[in-house]
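K.L.:
Sharing a sequence plus its predicted fold:
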Amino acid sequence: MISALPPAAAIFLAQGTGGESRSLFRDLFGAGSGWGSFASAVLGFAVVFAVASALPVLFTWAERRVSGRMQQRRGPNRVGPFGLVQAVADGVKLMFKEDIIPANAERFLFALAPGLVLAGMIAAFALIPFSERAIVVDAPLGVYLLAALLSLQVLGVVMAGWASNNKWSLLGAMREAAQMVSYEIPMGICLLIGVLSFSTLSLREMSLAQADGWLNVGNWLIFRNPLFAFPAFVVLYVALLANTKRAPFDLPEAESELVSGFHTEYSGIRFSFFFLEEYASMFLVSALAVCMFLGGWNIPFLPGSVVTGSVGAEILAALVLIVKSFALVFVMIWLRWTLPRIRIDQVMNLCYKYLTPIAFVCLIGTCWWELR
Amino acid sequence: MNRRDGFAGWVRNLWDGVFSTMVGMGITIRYFFTKPVTVQFPEEKMEVAPRYRGIHYLEQDLCIACRVCEKACPIDCIEIRFKRHPGGVNEWFEFSLDYNKCMFCELCCIPCPKSCIHEGREYSMVRYDRSELVLDLLTWKGMREVDLRTIKEAEEEKKRKAAEAAARRAAEKAKKEAAAKEGDPGKPRKKETPGKRDPEGGGDER
Ligand code: SF4
Ligand code: SF4
């Protein structure tokens, strides 16, 4: 039960920092009044939670199907059409598994860690602008808050590793800490490039700023500033890949070395929290990259003025954002089944010797580009 | 490989990393668009080799129940139970093969005089219990219409032959008697024989 509290707390936190911002749910309940704000927070939480838990279902299926096809297999195809319901079956199985807490574990932290990890992820979902108004909370400090919530995961993971009282868990957690702290540098710099270009920290305003332009893609950051924003986008993507602990950066849970890394001791529903978090954060970081570099919800080749205002347009815009994010998620899956896991020294090498300098060059270049 | 120092080395490393990732991704995406090679087992089956030795099948019509296969089997998997009837007809009770033991060596099939036991191409044999792995190879049990007819014919044939033999013996006996009593032929014999022969003769002609 304790695992359910942090998400709620996190969403209220996110709501609180929203300040005077507009959002679909606030519009529904009327901004300003205390109860309206509370109701919109609850509804927002419900929607975000539904989305955040529905996506992993889709992604685990996609991951297994795609990896199957890449290895000339078929992947799951028994449960439901094309095996689509497989993830639901797996989820049900996980729920009915015994919830084991190791005898020497630090019980409180052990129980808190999965909730914390999931909480950060779900709260971060509230900040993604699916369309101009379909956003749970449009925080003026959106990017900053998102980066903070993404790094909340590392806390949960280290907590899990420490509380498990298991050498594999601890090693995995330490790797996670090292990796996350390192990769936050290039990630932060790349986010800064987006902030610099649009002079705003709000993801919604960034997406708005990328509307129109040549063929309606000209204002996307990677096309607007191709010389520096494109490498920055690639660097950000790699850093986010490391942030989600996805292969080839899955050192914290390296199966062949650390059994299962930081979640070795977790089972049942607690394990599924980590699992959920991994797959939902794949979408989350993809959506972040899309909002900042790939034009957010803006539809390519279709002038923005055509699709604003009506509810249908909002839904279309949300679908566009989702499709763009899915494309990035597909690349993540594609990369995972292409590259082998790299060593921890190579991870650090890549971060400090390659990504960080490139990110800095891009940052300086962007400064020049914007002042030009 | 030569050492990669300085800025040029850095650039080369970067290029190699990006390039090799691209090549790898090219390979995986190519396989992504190829057809899976999976055979969906219970629904589809792989074609086995022409001389594959799988579950046996018996051409029961040819089998003469000579028990050679039973004796040839090195681990006594085969059990044959039958009853021999007149006319070479076998009433089948059992021709079972214990697949718990069978090693598919084909030694039972080689010596069969009628070449009527074979190892087939069927290989899937999933059962819930060991006892279910003792398969009966008989396609029909007991006797069939044809066999019943054959037995009847055989019995009649036997009866006829017996009767013929009896008649022949009687005739020979009569001849001998006749030879012994040369002086008085005909009368007692002629009176006896038609009375004895008539019912038999009638049976023969029917
Ligand atoms: S294949 Fe070999 S083991 Fe099997 S029944 Fe025939 S002789 Fe016996
Ligand atoms: S050896 Fe052939 S003919 Fe003889 S009993 Fe076996 S299967 Fe029948």
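P.N.:
Happy to help now that I have it. Ligands and ions are numbered 1, 2, ... in the order given.

K.L.:
Low-confidence ranges, the chain, go.
P.N.:
Picking chain A for this. A:1-41, A:133-134, A:213, A:215-216, A:302-311 (pLDDT under 70).

K.L.:
Let me rephrase: I mean chain B.
P.N.:
In chain B (pLDDT under 70), the answer is B:1-3, B:183-206.

K.L.:
redo that, cut-off 80
P.N.:
For chain B, the stretches with pLDDT under 80 are B:1-5, B:86-88, B:182-206.

K.L.:
buried ones in the longest helix anywhere in it?
P.N.:
Identified as the longest helix of chain B according to DSSP state H is helix B:145-180. Neighbour counts over helix B:145-180 (16 or more other Cβ atoms under 10 Å in any protein chain shown) mark B:147, B:150-151, B:154, B:167 as buried. Every C-beta, even on glycine, is put in place using the N, C-alpha and C of the backbone.

K.L.:
Distance from that helix to the middle of the chain?
P.N.:
Offset of helix B:145-180 from its chain centre (Cα atoms, centre = their mean, to the nearest Å): 37 Å.

K.L.:
Determine the set of other helices and strands touching it.
P.N.:
strand B:78-85, strand B:89-98, helix B:187-205 (3 or more Cβ pairs under 8 Å, 6 or more residues apart in numbering or on different chains; DSSP states H and E).

K.L.:
what's around B:Ser20, how many residues?
P.N.:
11 (other Cβ atoms under 10 Å in any protein chain shown).

K.L.:
Can you say which helix or strand has it in it?
P.N.:
Per DSSP states H and E: B:Ser20 is located in helix B:6-32.

K.L.:
Quick check: closest non-adjacent residue to residue 110.
P.N.:
Just so you know, I chose chain A. Of all residues not flanking A:Phe110 in the chain, A:Ala163 sits nearest, at 4.0 Å (Cβ to Cβ, 6 or more residues apart in numbering or on different chains).

K.L.:
Sorry, I should have been clearer: chain B.
P.N.:
B:Ala72 (7.4 Å).

K.L.:
Please name the residues that touch the one you found.
P.N.:
Taking Cβ atoms under 8 Å, 6 or more residues apart in numbering or on different chains, we find B:Ala72 in contact with B:107-108, B:110-111.

K.L.:
And for A:Asn165?
P.N.:
Contacts of A:Asn165 by Cβ under 8 Å, 6+ apart are A:102, A:104-106, A:265.

K.L.:
And it, its phi and psi?
P.N.:
phi 60, psi 50 (degrees, to the nearest 10).

K.L.:
From the structure, what's the count of residues near A:Val154?
P.N.:
22.

K.L.:
Locate it within the secondary structure: which element?
P.N.:
helix A:152-163.

K.L.:
repeat for A:Ala173
P.N.:
Using DSSP H and E, A:Ala173 falls in helix A:167-198.

K.L.:
Now a ChimeraX select for only the buried ones of the contacts of A:Asn165.
P.N.:
Applying 16+ other Cβ under 10 Å to these, the buried members can be selected in ChimeraX as follows:
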select /A:102,105,106,265
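
K.L.:
Nearest to chain A among the buried residues of helix B:145-180?
P.N.:
B:Asp147 (48.4 Å; Cβ to the nearest Cβ).

K.L.:
Enumerate every residue touching that closest one.
P.N.:
Counting by Cβ under 8 Å, 6+ apart, B:Asp147 makes contact with B:85, B:89, B:91.

K.L.:
how about a cut-off of 10 Å?
P.N.:
By Cβ atoms under 10 Å, 6 or more residues apart in numbering or on different chains, the contact list for B:Asp147 reads B:85, B:87-92, B:140, B:154.

K.L.:
Out of these, the closest to A:Pro357 would be?
P.N.:
A:Pro357 lies nearest to B:Trp140 out of the contacts of B:Asp147, by Cβ to Cβ, at 84.1 Å.

K.L.:
for that closest one, phi and psi?
P.N.:
Dihedral angles for B:Trp140 - degrees, to the nearest 10 - are phi -140, psi 150.

K.L.:
cool, A:Asp250 as well?
P.N.:
phi -90, psi 40.

K.L.:
Number of residues surrounding it?
P.N.:
The burial count for A:Asp250: 21, using other Cβ under 10 Å.

K.L.:
ok, now how distant is it from A:Ala62?
P.N.:
According to Cβ to Cβ, to the nearest Å, A:Asp250 stands 17 Å off from A:Ala62.

K.L.:
coming back round to it: what's the following helix or strand after the helix holding A:Ala173?
P.N.:
Next along from helix A:167-198, by DSSP H and E: helix A:203-209.

K.L.:
Pretty sure the residue nearest to A:Phe110 sits against A:Leu155.
P.N.:
No. Under the criterion of Cβ atoms under 10 Å, A:Ala163 makes no contact with A:Leu155, lying 12.0 Å away.

K.L.:
With neighbour numbers in mind, choose between the two.
P.N.:
Higher neighbour count among A:Ala163 and A:Leu155: A:Ala163, with 25 against 16, using other Cβ under 10 Å.

K.L.:
Name the residue closest to the centre of chain B, please.
P.N.:
Taking Cα atoms, centre = their mean as the criterion, B:Leu58 is the residue nearest the geometric centre of chain B, at 1.5 Å.

K.L.:
who are the neighbours in contact with that one?
P.N.:
B:69, B:78, B:95, B:97, B:112, B:116-118, B:120, B:136-139.

K.L.:
how near is B:Pro74 to A:Asn166?
P.N.:
Taken as Cβ to Cβ, the span from B:Pro74 to A:Asn166 is 53 Å.

K.L.:
before we move on, what about A:Ser260?
P.N.:
10 Å.

K.L.:
who touches both of the two?
P.N.:
A:Gly172.

K.L.:
who's more crowded, those two?
P.N.:
Ranked by neighbour count (other Cβ under 10 Å), A:Ser260 and A:Asn166 place A:Asn166 first, with 22 against 18.

K.L.:
Roughly how far does the more buried one sit from A:Ser272?
P.N.:
From A:Asn166 across to A:Ser272, the span is 19 Å (Cβ to Cβ).

K.L.:
same deal with B:Lys114?
P.N.:
For B:Lys114, the distance to A:Ser272 (Cβ to Cβ) stands at 63 Å.

K.L.:
Neighbour count for these two, which is higher?
P.N.:
Taking other Cβ under 10 Å, B:Lys114 and A:Ser272 do not tie; A:Ser272 has more neighbours (21 against 12).

K.L.:
Is the residue lying closest to the more buried one once chain neighbours are set aside within a helix or a strand, and which one?
P.N.:
Nearest residue to A:Ser272 in three dimensions, chain neighbours excluded: A:Leu94, at 4.3 Å (Cβ to Cβ, 6+ apart). According to DSSP H and E, A:Leu94 maps onto helix A:86-95.

K.L.:
which other helices and strands contact that helix?
P.N.:
helix A:34-70, helix A:268-293 (3 or more Cβ pairs under 10 Å, 6 or more residues apart in numbering or on different chains; DSSP states H and E).
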